[in-house]
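**Q** I would like the atomic coordinates for the input below:
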Amino acid sequence: MLTDQALRDHVLALLGERQAHMSFDDAVADFPEAFINVKPPAVSYTFWHLVEHLRLAQWDILEYVRSPAHVSPEWPSGYWPAPDALADAAAWQDSLRQFRDDLATMKALVADPAVNLLAPIPHGYAGHTVLREALLVADHNAYHIGELAILRQVVGAWPPDHA
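**A** Below you'll find the model as predicted:
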């Protein structure tokens, strides 16, 4: 029988540990500053745009769970930086920090036994639960983290000793 704690542990593992995919920290480890604003071949966004998209989508889902007053950004423009926006090393690091901070907050919500993962979010759409939103974060993150890792390989942005 799946206990409440076992369910929480499974979701926490999906959110933050290496399961069937690379972790965010692994995907951005030792990322070369020279590639932050590079658009890979046949891709309309930069590596920083992709990290910002991850951050913005995760933040939106987190705020949706936490705040009845939250209004999601306009789709799709509110989930991506402007196509011509560029980042410097400080902006890149800020995006990474904010992503990690929001992920830690989502994980804390999932880990909190006072949060009923299966209860409908009072201010949410019908059927939306904290569990649903946490799984949505895990799924969206896994998809784009994999994309980030593959695009790094395409442009040669991994260290030579990367396996």
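
**Q** Please identify the buried residues of the longest helix along the chain?
**A** Taking DSSP state H as the criterion, the chain has its longest helix at helix 130-155. Neighbour counts over helix 130-155 (16 or more other C-beta atoms under 10 Å) mark 130-135, 137-138, 141-142, 144-145, 147-149, 151-152 as buried. Using the backbone N, CA and C atoms, a C-beta is placed for each residue, glycine as well.

**Q** With stretch 44-59 instead?
**A** 45-59.

**Q** Show me how far that stretch is from its chain's centre.
**A** Offset of stretch 44-59 from its chain centre (C-alpha atoms, centre = their mean, to the nearest Å): 8 Å.

**Q** How many neighbouring residues does the residue nearest to Val130 when sequence neighbours are not counted have?
**A** Spatial nearest neighbour of Val130, chain neighbours left out: Leu117 (5.0 Å); criterion: C-beta to C-beta, 6 or more residues apart in numbering. Residues near Leu117, counting by other C-beta atoms under 10 Å, number 19.

**Q** ok, Leu117 touching Arg8?
**A** Yes. Counting by C-beta atoms under 8 Å, Leu117 does reach Arg8; the two are 7.0 Å apart.

**Q** which neighbours do these two share?
**A** Val110 (C-beta atoms under 8 Å, 6 or more residues apart in numbering).

**Q** And the helices in the protein, which stretches?
**A** 4-16, 24-28, 47-66, 89-111, 130-155.
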